[in-house]
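Visitor: Mind looking at a prediction? Sequence and model below.
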Amino acid sequence: MDGVVQTEVGFIGGHVPGVSYQQVCSGETGHAEAVHVWFDPQQVSYERLLDIFWQNHDPTQENGQGVNLGEQYRSAVFYHSEQQREIAEASKAALAASQRYSKPITTQILPAERFVRAEEYHQQYYEKQGILPR
């Protein structure tokens, strides 16, 4: 998307330093699988990125996405500044008020701490597999 400079997949928020995918899959590290997005705010707003986030997953499924179950699959927005936190909270509240979902929004809004880059074979996964994400 225009304005997105770079993405990187990895793990965030856990208590094991230098964690691996296999460790995260155990569900015992406290990490969430995440995408770190670098963007140019002159080309795309943080609000627009949040809109895309809400449209591309189920924010009502606690500790999972589809058939992927566990704390590592929880819905979360990890912010880098107080301004991002405020925008994310307002965006979540607007989504809840829209009544788009019949169940409560379970997405967590948390500070971005201890991001660990996933192994190289996870980076640009869909592109490497020649498939489109749903």
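Guide: Nice, thanks for sending it over. Numbers count the residues shown, from 1 in each chain.

Visitor: Once you drop chain neighbours, what's closest to residue 117?
Guide: Closest residue in space to residue 117, ignoring its immediate chain neighbours: residue 10 at 4.5 Å, by Cβ to Cβ, 6 or more residues apart in numbering. Every C-beta, even on glycine, is put in place using the N, C-alpha and C of the backbone.

Visitor: For this protein, which residue occupies the most central location?
Guide: Centroid check for the chain by Cα atoms, centre = their mean gives residue 34 as the closest residue, at 4.5 Å.

Visitor: Would you map the helices across this protein?
Guide: 21-25, 46-55, 82-97, 125-129 (DSSP state H).

Visitor: okay, those in a markdown table with mean neighbour count next?
Guide: Putting those into a markdown table (neighbours: other Cβ atoms under 10 Å) gives the following:
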| stretch | mean neighbour count |
| --- | --- |
| helix 21-25 | 16 |
| helix 46-55 | 15 |
| helix 82-97 | 15 |
| helix 125-129 | 10 |
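
Visitor: how about these, which one is nearest residue 2?
Guide: Across the helices of the chain, residue 2 has its closest neighbour in helix 46-55 (10.1 Å, Cβ to Cβ).

Visitor: and that closest one, what's its mean pLDDT?
Guide: Computed over helix 46-55, the mean pLDDT rounds to 94.
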